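>>> got a predicted structure here, sequence first:
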Amino acid sequence: METDERREGVAAPSAGSAAGRIPRQLWVEEPAIRRRMPDPVRTAAVRAVLIMSLTIIQAMVAFLCTVAGSWFAFPMVLGGVAGTVVATWSVLDVWVTRQVWNQRNGVVSVPSSTARRMRRERRAARRAARAGARREARIRRRGEGRLSRA
């Protein structure tokens, strides 16, 4: 019995019969568990991985040159230290790029119906206050004109 047949609980057909065979798919599309990273973050991550891998290779070469007693060991160790600093910087770049992207594009603001209703109420209250202030100003102006005529 094959693994797929055991999972599905189907008995294996006899060797001579083609009936009852379950066709196997070569490619099964599965939904992604996590969403794809944004382009700037992915670019920074790829750059960081390349820099880190080159730094690890450089460290390995420096170690092998040191073991072999080669003159090339000292420059490689210095390059390894510099590579470590650059690799750390590139990892921080990924983190900062991700934070910046989340701040700029991460939150989709969709006001709920209660927020919309409260905003309408505030707007109506401001309009009423402005209209009341205009009415008061008109009444005062009219009153001033009558007093000066008398």
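Nice, I can see it. Numbering: from 1, shown residues only.
>>> how far does the regular element (helix or strand) spanning Ala129 sit from the chain's center?
Element membership for Ala129 (DSSP states H and E) is helix 113-149. Distance of helix 113-149 from the chain centroid (C-alpha atoms, centre = their mean, to the nearest Å) equals 47 Å.
>>> now the host helix or strand of Ala44: buried residues?
Using DSSP H and E, Ala44 sits within helix 39-68. Neighbour-count burial for helix 39-68 flags 41, 44-45, 48, 51-52, 55, 58-59, 61-62, 65 (criterion: 16 or more other C-beta atoms under 10 Å). Any C-beta I mention is one placed from the backbone N, CA and C, and that applies to glycine too.
>>> so which of these would you say is closest to Asp93?
Ala44 (5.2 Å; C-beta to C-beta).
>>> residue contacts, that closest one?
By C-beta atoms under 8 Å, 6 or more residues apart in numbering, the contact set of Ala44 is 90, 93-94, 97-98.
>>> quick revisit: now distance to Val28 and pLDDT too, for the buried residues of helix 39-68, in a markdown table please.
Shown next, in a markdown table, are the buried residues of helix 39-68 (distance: C-beta to C-beta, whole Å; pLDDT from 0 to 100):
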| residue | distance to Val28 | pLDDT |
| --- | --- | --- |
| Val41 | 28 | 93 |
| Ala44 | 32 | 96 |
| Ala45 | 27 | 96 |
| Ala48 | 32 | 97 |
| Ile51 | 35 | 97 |
| Met52 | 33 | 96 |
| Thr55 | 37 | 96 |
| Gln58 | 40 | 95 |
| Ala59 | 40 | 95 |
| Val61 | 42 | 95 |
| Ala62 | 45 | 95 |
| Cys65 | 48 | 95 |
